[in-house]
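Trainee: Okay, predicted coordinates and the sequence, questions at the end:
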Amino acid sequence: MTSASADHPDPRRIHVSAAVILDGEGRLLLVRKNGTTAFMQPGGKPEPGESASETLSRELAEELGIRIPPHELRPLGEFTAAAANEPGFVVVADVFAADLGEQRPRVGAEIAELRWVRRADAATCEIAPLASENFLPA
């Protein structure tokens, strides 16, 4: 017997892969996608057949021009929070730590702006619940 939830995923849940990327000053990299107001962790939705780490590796390359192979991403776990740009939805994120090395992120596909932020910066911009509740450094 299979459960109904396994056969029919909850349509109010958005599954994504997301990155925790910190700079040398301990700030978290956040992005704002075109047509949105909230800053969030880089990442996105999987394409058919992709693992969570493959999704994030692809999204980092597309959004920020950063090349990190899936096996170099360090899993931090699955986190759930209210979706920032889809009222009434919940985002379920497979979150990975990513080390940029000498790479420098740049605005790419779907991205309007990027910022390095600390918790003190939260008063100056809208930050998605996933990042603000779990990953913003002091």
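Mentor: Noted; the coordinates are in hand.
Trainee: is it fair to say S132 lies in a helix?
Mentor: Yes. With DSSP: H, G, I helix; E, B strand; the rest coil as the criterion, S132 is located in a helix.
Trainee: How about the contacts made by it?
Mentor: By Cβ atoms under 8 Å, 6 or more residues apart in numbering, the contact set of S132 is A122. Every C-beta, even on glycine, is put in place using the N, C-alpha and C of the backbone.
Trainee: A38 versus that one, what's the distance?
Mentor: Taking Cβ to Cβ, to the nearest Å as the measure, S132 falls 9 Å from A38.
Trainee: where do the strands sit along the protein?
Mentor: When secondary structure is read from DSSP state E, the chain shows strands at 13-20, 28-33, 43-44, 74-82, 90-97, 111-117.
Trainee: got JSON lines for these, with distance to I68 too?
Mentor: Listed next are the strands of the chain as JSON lines, based on distance: least, Cβ to Cβ, whole Å:
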{"stretch": "strand 13-20", "distance to I68": "8"}
{"stretch": "strand 28-33", "distance to I68": "12"}
{"stretch": "strand 43-44", "distance to I68": "12"}
{"stretch": "strand 74-82", "distance to I68": "10"}
{"stretch": "strand 90-97", "distance to I68": "9"}
{"stretch": "strand 111-117", "distance to I68": "16"}
